[in-house]
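S.K.: predicted model, plus sequence, below.
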Amino acid sequence: QVTLKESGTGILQPSQALSLTCSFSGFSLSTSGICVSWIRHPSGKGLEWLADICWDDGKGYNPALKNRLSISKDTSNNQAFLRITSVDTADTATYYCARSWEWYFDFWGPGTMVTVSS
Amino acid sequence: EIVIIQSPTTMAASPGEKVTLTCRASSSVSYMHWYQQRSDISPKLWIYETSKLASGVPNRFSGSGSGTSFSLTINSLETEDAATYYCQQGNTYPWTFGGGTKLEL
């Protein structure tokens, strides 16, 4: 059974750094073809893919935020991490981690809400 | 970046109707994938690789298309189908989603 769960800082002030953790079970990030992505959903808007990290340590970033994003993984402990620097109110959203296989997202976590406010 | 436009943005329909949601990509893609999101819960994979139904998806749903034009069709709507549907391309980084179609019953 595949499960994912996000955790991280719930409320931040502008200019701070956001750290998110995705803890998962039922699969390994060392399995060929498997990646974990971070996707966010601002209230009232659409889904935005942020970054992914794959079994071969390959990484992809959304160019719109690339300079602010850093993704990493701990394969032994079944975790993936995302750090976003210099947040502002536009980063307020629900953040999801999702497993991807063949470039679609087959399992999603429940999401974690992040609010940026002064 | 491949931009995906979904239409309509919002659709109102009645149980038993047949509806079609569309996605148009700014460049040709090999496949389109679809997700269903109800209320504020996390999206669920609904259709993958253009026409394959994800596990547990009723067979009143179908997907089709190629190149830059794709669609999701629901035959005989049921009240549980009320949700927002997003399409997504996994052809070229960055992976991108359409803006969503909110289906109201």
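M.R.: Looks like it came in fine.
S.K.: which strand or helix spans A:Asp57?
M.R.: A:Asp57 belongs to no helix or strand when elements are defined using DSSP states H and E.
S.K.: chain A: strands as residue ranges?
M.R.: A:3-8, A:11-12, A:18-25, A:34-41, A:48-54, A:59-61, A:69-74, A:79-84, A:93-101, A:104-108, A:112-116 (DSSP state E).
S.K.: B:Ser55 is nearest to which of those strands?
M.R.: Nearest of these to B:Ser55, taken as CB to CB: strand A:104-108 at 9.1 Å. Glycine gets a C-beta too; all of them are placed from N, C-alpha and C.
S.K.: direction included, what does the closest one pair up with?
M.R.: Strand A:104-108 pairs in its sheet with strand A:93-101 (antiparallel), by DSSP bridges.
S.K.: can you name the residue of chain A nearest to chain B?
M.R.: Relative to chain B, the nearest point of chain A is A:Trp103 (2.7 Å; CB to the nearest CB).
S.K.: okay but that residue is in contact with B:Trp95, surely?
M.R.: Yes. Between A:Trp103 and B:Trp95 there is a contact at 6.9 Å, judged by CB atoms under 8 Å.
S.K.: between those two, who's got more neighbours?
M.R.: Of the pair A:Trp103 and B:Trp95, B:Trp95 is the one with more neighbours under other CB atoms under 10 Å in any protein chain shown, namely 26 against 21.
S.K.: who's in contact with that one?
M.R.: Counting by CB atoms under 8 Å, 6 or more residues apart in numbering or on different chains, B:Trp95 touches A:Ser37, A:Trp49, A:Asp52, A:Gly60, A:Trp103, B:Gln88, B:Gln89.
S.K.: could you rerun that using 10 Å?
M.R.: Counting by CB atoms under 10 Å, 6 or more residues apart in numbering or on different chains, B:Trp95 touches A:37, A:39, A:47-52, A:60, A:62, A:100, A:103-105, B:1-2, B:33, B:88-89.
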